[in-house]
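1. take this sequence and fold it.
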Amino acid sequence: MDKRMNDNLMENYEQEKSFGELDLVDDYMFDVVTEDLESCKLILELAMGIHIKEIRWRENQKVIHNLPGKRGARLDFYVETEEGTVYDVEMQKRKRGNIPKRTRFYQSLIDAPMLKSGEESFDKLKPSVIVVICGFDLYGYGQYRYSFSNRCLEVDDLELGDETSKIILNTKGMNDEEEDSTLINFLHYVENSSEEVLEENSDPRLKRLHEIIESIRSNAEMEAQYMKGITREREKIADAKAAGRKEDIVMILLELGEIPDEIWNRVKTEEDIEVLKKWLLIAAKASSIEEFRERAGLL
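-> Presented below is the predicted three-dimensional model:
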């Protein structure tokens with residue numbers, strides 16, 4: 001299983017979502033869906049309101065490395081059209097991190113590999129678009145779409161001409177009368193990827209995307225893989241909580257005096273989170289090591 005998918009299991013576990021309940025906005029489902037080039041093409045067309053003849057993976061597909069010792073990035077999906085425009089599409093379910101500056105960082109990483117070492121001309125830099133699909137309204141204006149390009153502040157309609165743009169999409173948009181229905185239906189589907197959201201006259205590409213997601217949901221092997229990952233995450237969470245409780249107990253007891261070896265060992269080896277939680281409450285109220293020992297039953 002891809003490391004990024006493993007990393008995204010934690011969020012789905014916290015939401016208590018089963019594999020069959022995952023929507024496209026959920027990182028894990030988005031990662032699985034966008035392993036397929038057809039799905040990427042469908043998502044890109046629906047998000048941008050365009051028709052693309054063909055797309056292909058960019059070199060290294062999702063991982064872009066920076067200079068040694070510097071931070072790189074793992075993109076959700078990174079493709080190039082037949083005409084040469086490069087697209088990076090990201091899914092962001094929650095409002096965290098500095099998304100505008102993240103797009104700035106991604107832009108630099110996307111551009112750098114396009115030029116060979118010693119290349120003098122910048123003409124080989126291809127047009128690029130970074131699209132971030134958000135499950136929230138980043139700017140609060142109720143727009144389904146926020147489009148940005150570099151323009152002159154002094155001269156109206158004068159563009160810089162660097163052929164870069166950033167598109168921030170918002171599943172919570174409210175300007176239905178101003179926006180294209182295909183985009184609106186797509187963004188509603190991103191948030192609630194179910195048959196009920198699809199309309200009879202929904203774009204055929206959206207219906208095809210739903211078929212792909214349904215086939216993923218019905219894949220028993222993939223569900224088993226997901227559940228194994230969830231189990232591992234539960235174990236990690238339990239281990240982290242237990243370690244935190246143990247550390248808290250020890251810190252409190254140290255303020256009361258020297259901790260006897262037998263108590264230290266019992267706390268260190270206890271794995272039951274409920275027992276540790278109980279001991280932590282006892283330690284917080286105890287006025288001495290002996291009182292903690294007696295009330296915790298560590299006689």
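2. so what pLDDT did Glu82 get?
-> Per-residue pLDDT puts Glu82 at 89.
3. my error: substitute Gly49 in the last question.
-> 93.
4. can you tell me how far it is from Phe292?
-> 65 Å (Cβ to Cβ, to the nearest Å). Any C-beta I mention is one placed from the backbone N, CA and C, and that applies to glycine too.
5. the two: which is more packed in?
-> Neighbour count, other Cβ atoms under 10 Å: between Gly49 and Phe292, Phe292 has more, with 22 against 12.
6. counting by contacts, list what whatever helix or strand that one lives in packs against.
-> In the assignment (DSSP states H and E), Phe292 maps to helix 289-296. Helix 289-296 sits against helix 220-256, helix 261-269, helix 273-285, with contacts defined as 3 or more Cβ pairs under 8 Å, 6 or more residues apart in numbering; DSSP states H and E.
7. just the helices in the chain please.
-> 3-14, 27-33, 37-48, 99-111, 181-191, 204-217, 220-256, 261-269, 273-285, 289-296 (DSSP state H).
8. let me know which of the helices and strands packed on helix 289-296 is tucked in deepest.
-> Most buried of these, by mean neighbour count (mean count of other Cβ atoms under 10 Å): helix 273-285, with a mean of 16.
9. next, the angle from it to helix 261-269.
-> 130 degrees (axes from the mean of the first three to the mean of the last three Cα atoms, to 10 degrees).
10. CA atoms of helix 273-285 as PDB?
-> What follows is helix 273-285, C-alpha atoms only, in PDB (Å, rounded to 0.1, in the frame of the first residue of the first chain):
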ATOM      1  CA  ILE A 273      -5.300   2.500  28.200                       C
ATOM      2  CA  GLU A 274      -8.200   2.500  30.600                       C
ATOM      3  CA  VAL A 275      -6.000   1.400  33.500                       C
ATOM      4  CA  LEU A 276      -3.400   4.100  32.600                       C
ATOM      5  CA  LYS A 277      -6.200   6.700  32.400                       C
ATOM      6  CA  LYS A 278      -7.300   5.600  35.900                       C
ATOM      7  CA  TRP A 279      -3.800   5.800  37.300                       C
ATOM      8  CA  LEU A 280      -3.300   9.200  35.800                       C
ATOM      9  CA  LEU A 281      -6.300  10.600  37.600                       C
ATOM     10  CA  ILE A 282      -5.100   8.900  40.900                       C
ATOM     11  CA  ALA A 283      -1.600  10.400  40.400                       C
ATOM     12  CA  ALA A 284      -3.000  13.800  39.800                       C
ATOM     13  CA  LYS A 285      -4.900  13.700  43.100                       C
END
